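Novice: Any chance you could fold what I've pasted below:
(one chain, ligands or ions: 1)
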Amino acid sequence: MMVLAIGAHAGDMDLTCGAVLAQHVLNHDEVALVHLTPGEKGHPSMPVAEYAAQKREEAQAFARDIGAQVRFLDYRDAELPVNGRVVDEVADIIRELRPSIVVTHWKNSIHPDHANAHQITEQALFYASLKTYERTQPSHFVPYVYYTDNWEDSSGFDPEVFVEIQPDAYERWLQGVSRYAYARGETTRFPFIAYYNALMVVRGAPRGFPMAQAFMVPEGDLHKRLSLLGS
Ligand SMILES: [Zn+2]
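Specialist: This next block holds a predicted model:
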């Protein structure tokens with residue numbers, strides 16, 4: 001099975017669903033991360049080009065630590081467009097990797113790049129599945145789509161799916177996200193690792209798990225088709 005996580009900035013998917021991705025690797029699934037931009041404009045003093053190179057290295061280290069592959073598209077932080085070119089690029093990756101599962105941002109965010117990444121992914125899923133939309137790779141339908149639990153994307157985020165995090169996946173996640181300077185708190189005062197660590201406890205405890213990462217699913221995915229109520 002292939003799991004594909006598509007994020008606006010290097011670090012978004014790593015923090016919000018990285019422990020689940022690590023768990024899939026430990027379950028012998030293939031995992032790929034696609035970062036649409038490096039997220040290179042978040043450093044208070046380092047030149048943007050220099051920080052972009054550092055973010056790429058950090059993202060590669062995270063992927064190595066959890067056992068995933070990683071790719072980057074060539075877009076700039078805070079300038080991520082929603083257009084046919086980027087949708088085609090993401091749809092082509094979906095056709096090439098043929099994932100069973102795609103994970104991306106929830107639709108609402110205080111960061112426009114995150115909301116755009118959601119729209120790009122939704123459109124790419126549609127065009128990847130459209131047989132008559134001819135590209136070099138054959139079409140591919142992704143049966144499972146999930147949206148991640150990101151502090152910047154919390155408006156209207158009410159998760160339905162909770163995945164228990166096992167200790168070995170947690171350790172890989174912690175090692176991997178600690179590669180990111182911003183996650184360690186070196187660029188802003190937001191305590192990323194402590195926040196997502198605590199969130200795993202908060203999401204897990206009411207469901208009887210020591211730790212969990214939470215997801216929403218597309219509207220309609222939880223609909224039940226019944227012949228009678230209660231069946
Ligand atoms: Zn981001």
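Novice: which bits of this structure sit near the ion?
Specialist: 8-9, 12 (C-beta under 5 Å from the ion). Backbone N, C-alpha and C define where each C-beta goes, glycine included.
Novice: Output these in TSV; the columns should cover neighbour count, secondary structure and pLDDT.
Specialist: Conversion of the residues of the chain next to the ion to TSV gives the following (neighbours: other C-beta atoms under 10 Å; DSSP: H, G, I helix; E, B strand; the rest coil; pLDDT from 0 to 100):
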residue	neighbour count	secondary structure	pLDDT
8	31	strand	98
9	26	strand	98
12	29	helix	98
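Novice: and of those, the nearest to residue 109?
Specialist: Set against residue 109, the nearest of these by C-beta to C-beta is residue 8 (8.5 Å).
Novice: got the contact list for the closest residue to the ion within the chain?
Specialist: Residue of the chain nearest the ion, by C-beta to the ion: residue 9 (3.6 Å). Listed by C-beta atoms under 8 Å, 6 or more residues apart in numbering, the contact partners of residue 9 are 35-39, 42, 55, 77, 113.
Novice: In JSON lines, list the residues you listed along with pLDDT, neighbour count and secondary structure.
Specialist: Output for the contacts of residue 9, formatted as JSON lines (pLDDT from 0 to 100; neighbours: other C-beta atoms under 10 Å; DSSP: H, G, I helix; E, B strand; the rest coil):
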{"residue": "35", "pLDDT": "98", "neighbour count": "26", "secondary structure": "strand"}
{"residue": "36", "pLDDT": "98", "neighbour count": "30", "secondary structure": "strand"}
{"residue": "37", "pLDDT": "98", "neighbour count": "25", "secondary structure": "strand"}
{"residue": "38", "pLDDT": "98", "neighbour count": "26", "secondary structure": "coil"}
{"residue": "39", "pLDDT": "97", "neighbour count": "26", "secondary structure": "coil"}
{"residue": "42", "pLDDT": "91", "neighbour count": "18", "secondary structure": "coil"}
{"residue": "55", "pLDDT": "98", "neighbour count": "25", "secondary structure": "helix"}
{"residue": "77", "pLDDT": "97", "neighbour count": "21", "secondary structure": "coil"}
{"residue": "113", "pLDDT": "98", "neighbour count": "26", "secondary structure": "helix"}
